[in-house]
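**Q** Provided below are the primary sequence and the corresponding predicted coordinates.
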Number of protein chains: 2
Amino acid sequence: MKTAIAAALLVTAAPALAQQSITSLPPPVITEPAVAALRDDALANDHYAWDIAEGLTTEVGQRLAATDAEARARDWALKRLTAMGFANVHVEPFTMPVWTRGAESAEVVSPFPQRMAITALGYSGSTPPQGVTGEIVYFESLDALRAAPDAAVRGKIVFIDHHMMPAQDGSGYGQFGAPRRQGPTVASLKGALAIVIRSIGTDHHRNPHTGVQYFTDGATPIPAGALSIPDAEQLVRILKRGQPVTMRLTLVSQKIQGGHSGNVIAEVRGRDPKAPILLVGGHLDSWDLGTGAIDDASGVAIVTAAAKHIMDAGRPLRTIRIVWFGAEEPGGFGGAAYAKVHGTERYAIAGESDFGADRVWRFSSQLMKSDPAAYARLTAALAPLGITKNDKGEADGTDVEATIAAGAPWISLNQDGTRYFDWHHTPDDTLDKIDPAQLRQNVAAWTAALAVLSGGIEPGAKQPKRR
Amino acid sequence: MKTAIAAALLVTAAPALAQQSITSLPPPVITEPAVAALRDDALANDHYAWDIAEGLTTEVGQRLAATDAEARARDWALKRLTAMGFANVHVEPFTMPVWTRGAESAEVVSPFPQRMAITALGYSGSTPPQGVTGEIVYFESLDALRAAPDAAVRGKIVFIDHHMMPAQDGSGYGQFGAPRRQGPTVASLKGALAIVIRSIGTDHHRNPHTGVQYFTDGATPIPAGALSIPDAEQLVRILKRGQPVTMRLTLVSQKIQGGHSGNVIAEVRGRDPKAPILLVGGHLDSWDLGTGAIDDASGVAIVTAAAKHIMDAGRPLRTIRIVWFGAEEPGGFGGAAYAKVHGTERYAIAGESDFGADRVWRFSSQLMKSDPAAYARLTAALAPLGITKNDKGEADGTDVEATIAAGAPWISLNQDGTRYFDWHHTPDDTLDKIDPAQLRQNVAAWTAALAVLSGGIEPGAKQPKRR
């Protein structure tokens, strides 16, 4: 028994020592030359994605959900998608609560007076214009706060620390994002005056990371902000001196019901209108601090460019539907609104790009089980881009989540997230963070995936190549 | 003749092919074991520099010249230098005009409304609280602005671009800093409403770089600000669309005469009070946006730590004088005030550390000519730290400049400036930018230099090792 296990481990750890016979390999899978050519052309020459990301971030800038800026972004999208030659370009509107930011500042009043860089979290409560002042109480984690007696927190400004580190798969965001997502509610329920967290990020710049949180369990909204990481580290150093630390916090914000947002939809019409649809998307809205270049102008740019490359080549059997979702950041309102209307349509695949603009390094798909032949063709078509298959992958993405929950088969093209949380939700999310070469690799990957799953592209009267 | 030149080039380009005979080499120079031991101990174990930089940036934070914050920094310095056991610790006060920053914002009003990250330059004129609004007029350089007719500029907001790149020796700062230093005056003399420049920096973060400028030639002060580099690039993209671009600019500031600053001075008393002094310094003040960790808490920390290592070892023949200069940033007021009082004293050497906290990679000194034997000993003592001699080097440093002009022989330990202008004069100048290992290398270099030039250290009743 022990020997059998050791032998099995040996195979896993050092396959070269116990190599699989080539006669037992599955049949070879060769990417169709037309698919490979489309992919390689996108990798070398794509400009559609850069043009969209550059245009949207330059001509609109930030696109906070349900604001005038997001409305201007929808107008921009309609114009651009129409100019690119897509079909059925339209907006599907919905309403939602809109939260907007006002004046923001933080300063240590004592023992060492100094200003700190802060920004409010989404749906934060508002301070009065003159701010609030309170003593800081330190917690090394959300759990430490949860374990604290209410008396230790009541009337104070809670500060939650954490130690998120960069990871290629972004895996720290779930665990280390807890102070942002649940911290404000826990602090409020314990009677805190306000809460500040160390930004959920991996950089060392004075640009705080915003992001959404909700007050649940009947918690009263309290002011909730994120300090930049250098400021959070500074606050820790100040606290370590052992004297009481007092902070003045101004986080003015406003929440209004009945804001207007919407999803922008466009299609490459398939030859068979009854065939299941290929659904690809990203989100049009952004946080208000940067221009939302990597979150998520790049995402809408990538999937749209890929669809455009298919359209340039001819007519796919299946319809490709592109959705530029509205209001993802405050909680996936666009994805939910889309699924409510379209969730029960028939999909061949559903996927989104919403993790920056760095290269795709891995993919996974439900097709591994439901259509192994298609999965093998995807694997073969993506491998030349350096993309490995991940048999243990899971569905991913806020916007397509509800549609997937309603039954659509999923595909995830995982982008390298090593740098992503350096800029995520900060003023630094700007165009210069997009690497054009890696952006093209993303377009090539989505182009290959759409080509493989298109049901075949029939060359015909081509669309004008350039908008 | 041609052949002779070619042969000379060959020697320069490929010395291995025409190697110098070892019999013609100058006599060998061996570093005294005591000097090497001091240097290597500092490299491995110094904590004084980190403690000073950490303490000053944490317990005081920003230290804008002639403000209460700089006064707190002087108090902190007196306490720390006294606790470390230095002699003759005192402040030498002076007065100067004090400039302070108020509310700051910039937004493109049309054609693509969006906010931009901006900060005022030192001694900028002030806008009214509600700001000013004007059309942007683009110039690719200061010279392009100088060549423009007044009519192209009058009543408009001048924008000057540039293309500074990182360099190890920081050599871009002179040339590419011109838009900041002279741009506001040129724009004002041509009747501009205001001026914004691309920050003089090499990063891509939304943190603008401030810095000093003066209005000369009778120019009326106008509002003068620096856009962060991503914002400057965004403005260029917007301008390239070809439509008129309107900006609203709020840069409130205040200038008052008769502000109080001062130099903090401390000494390691030499055995011979009449021997020429070793003068080392850095500056205590900082800009107000960051905590001035690399500019210049690290500088005062490095030279002070080095002097402390000499003091720990015993008593040097020559007095070492440490100066934490006040008000360097707004124009070297501390250095000028020091030279006025002390410029005519006798110095063995004068040098400062004011280019960050990254490693020393090269040094130069006037001793090359005035005391070649000492120069050779410095060369030998610094080489094991990876420091090369630069026979073509020049005196460097705002604070010791006036004293050097008055006759003191100079030494320059050049720090690697590749990363320096990523953070220089921005909110990002914070403690996390100091690499403790490189900081220790700086301390080791200055310790070695002081030990070589000390005239000999006599072991004796040592100071308490730790403050």
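**A** Perfect, thanks for sending it.

**Q** where does residue A:197 fall, helix, sheet strand or coil?
**A** For residue A:197, the assignment made with DSSP: H, G, I helix; E, B strand; the rest coil gives strand.

**Q** Does residue A:55 touch residue A:79 like I think?
**A** No - judged on Cβ atoms under 8 Å, residue A:55 makes no contact with residue A:79 at a distance of 9.8 Å. C-beta: built from backbone N, CA, C; applies to glycine.

**Q** show me where the stretch 351-467 of chain A has strands.
**A** Using DSSP state E, counting those that start in this stretch, the strands found in the stretch 351-467 of chain A span residues A:360-365, A:388-389, A:411-415, A:457-458.

**Q** In JSON lines, list those strands along with distance to residue B:261, mean pLDDT and mean neighbour count.
**A** Converted to JSON lines, these look like this (distance: least, Cβ to Cβ, whole Å; pLDDT from 0 to 100; neighbours: other Cβ atoms under 10 Å in any protein chain shown):
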{"stretch": "strand A:360-365", "distance to residue B:261": "54", "mean pLDDT": "98", "mean neighbour count": "23"}
{"stretch": "strand A:388-389", "distance to residue B:261": "61", "mean pLDDT": "97", "mean neighbour count": "16"}
{"stretch": "strand A:411-415", "distance to residue B:261": "51", "mean pLDDT": "98", "mean neighbour count": "26"}
{"stretch": "strand A:457-458", "distance to residue B:261": "73", "mean pLDDT": "96", "mean neighbour count": "18"}
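
**Q** Quick one, which of those strands gets closest to chain B.
**A** strand A:411-415 (19.6 Å; Cβ to the nearest Cβ).

**Q** what pairs with the closest one, and is each one parallel or antiparallel?
**A** Pairing partners of strand A:411-415, with direction, according to DSSP bridges: strand A:360-365 (antiparallel).

**Q** Report pLDDT for the closest residue to residue A:135 other than its chain neighbours.
**A** Spatial nearest neighbour of residue A:135, chain neighbours left out: residue A:156 (5.1 Å); criterion: Cβ to Cβ, 6 or more residues apart in numbering or on different chains. Model confidence at residue A:156, expressed as pLDDT, equals 98.

**Q** separation between residue A:156 and chain B?
**A** The span separating residue A:156 from chain B equals 22 Å under the rule Cβ to the nearest Cβ, to the nearest Å.

**Q** Compute the number of surrounding residues for residue A:110.
**A** 12 (other Cβ atoms under 10 Å in any protein chain shown).

**Q** for residue A:237, same thing?
**A** Residue crowding around residue A:237 was assessed by other Cβ under 10 Å; the count is 16.

**Q** Residue A:234 now?
**A** Residues lying near residue A:234 (other Cβ under 10 Å) number 24.

**Q** That one reaches residue B:59, doesn't it?
**A** No - with contacts counted by Cβ under 8 Å, residue A:234 stays clear of residue B:59, the gap being 10.6 Å.

**Q** Neighbour count for residue A:55 and residue A:79, which is higher?
**A** When residue A:55 and residue A:79 are compared for neighbours, residue A:55 comes out ahead with 18 against 14, by other Cβ under 10 Å.

**Q** what about the more buried one, is that helix, strand or coil?
**A** Here residue A:55 is recorded as helix under three-state DSSP.
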